[in-house]
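S.K.: Pasting the sequence and the predicted model now:
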Amino acid sequence: MANKHKGYIDIEIGGKKRTLHFSMNFWSEFTEQLETSLQDIGQVFENGITLKGLRALIYSAILANDQEQNNDIDYNIFTVGSWLDDLKPETINKIVETMLQSKILGNSLNIELDKTGKPKPPKK
């Protein structure tokens, strides 16, 4: 199921394989969790993502997929937060990379990361 360009990635988290989907449902939940608009979402990533942002990102992506597939929801945002302790940095990087390669309203986020994982300034 892992297809970065379609916004899907499978990871092992919470004791089982789960699919994250960076879809419109994801963006709706993610912006709600962070109390920001889609228009201002770039500011969330400006100085690198916070722990709250990372937790919201992973929770929103798992929730989007599970709700789209009518799967049972056996977690909440705090459960997902406790699962973050078990994620390797490489897995987090792959998740963020997949999200950045997904599309919002048919448009790419067009955010590039530098070697430290922080967004590069936009090209002029």
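M.R.: Received the coordinates, thanks.
S.K.: what secondary structure does Asp72 sit in?
M.R.: Following DSSP: H, G, I helix; E, B strand; the rest coil, Asp72 is assigned to coil.
S.K.: How far away from the center of its chain is stretch 21-34?
M.R.: Offset of stretch 21-34 from its chain centre (CA atoms, centre = their mean, to the nearest Å): 8 Å.
S.K.: Please enumerate residues in contact with that stretch?
M.R.: Residues from elsewhere that reach stretch 21-34 (CB atoms under 8 Å, 6 or more residues apart in numbering): 7-8, 20, 37-38, 41, 44, 52-53, 56-57, 59-61, 63-65, 67-68, 77, 98-99, 102, 104-105. C-betas here are computed from N, CA, C, even on glycine.
S.K.: Now with 7 Å, please.
M.R.: Residues outside stretch 21-34 that contact it (CB atoms under 7 Å, 6 or more residues apart in numbering) are 7-8, 37-38, 41, 44, 53, 56-57, 60-61, 63-65, 67-68, 98-99, 102, 104.
S.K.: Any regions of this protein where pLDDT drops low?
M.R.: 1-5, 104-124 (pLDDT under 70).
S.K.: Name all residues that make contact with Ser102.
M.R.: 7, 22.
S.K.: Against His21, how distant is it?
M.R.: For Ser102, the distance to His21 equals 9 Å [CB to CB, to the nearest Å].
S.K.: Can you classify Asp10 by secondary structure?
M.R.: What three-state DSSP gives for Asp10 is strand.
S.K.: Count residues in the vicinity of it, would you?
M.R.: Neighbour count for Asp10, taken as other CB atoms under 10 Å: 13.
S.K.: same thing with Glu68?
M.R.: So Glu68, with other CB under 10 Å, has 13 neighbours.
S.K.: residues contacting it?
M.R.: 21, 23, 25.
S.K.: tell me which of these is nearest to Leu84?
M.R.: Leu84 lies nearest to His21 out of the contacts of Glu68, by CB to CB, at 18.5 Å.
S.K.: Could you measure from that closest one over to Asn65?
M.R.: Distance, His21 to Asn65, using CB to CB: 4 Å.
S.K.: Could you do Arg18 as well?
M.R.: 8 Å.
S.K.: for Ile13, same thing?
M.R.: In terms of CB to CB, Ile13 sits 12 Å off from Asn65.
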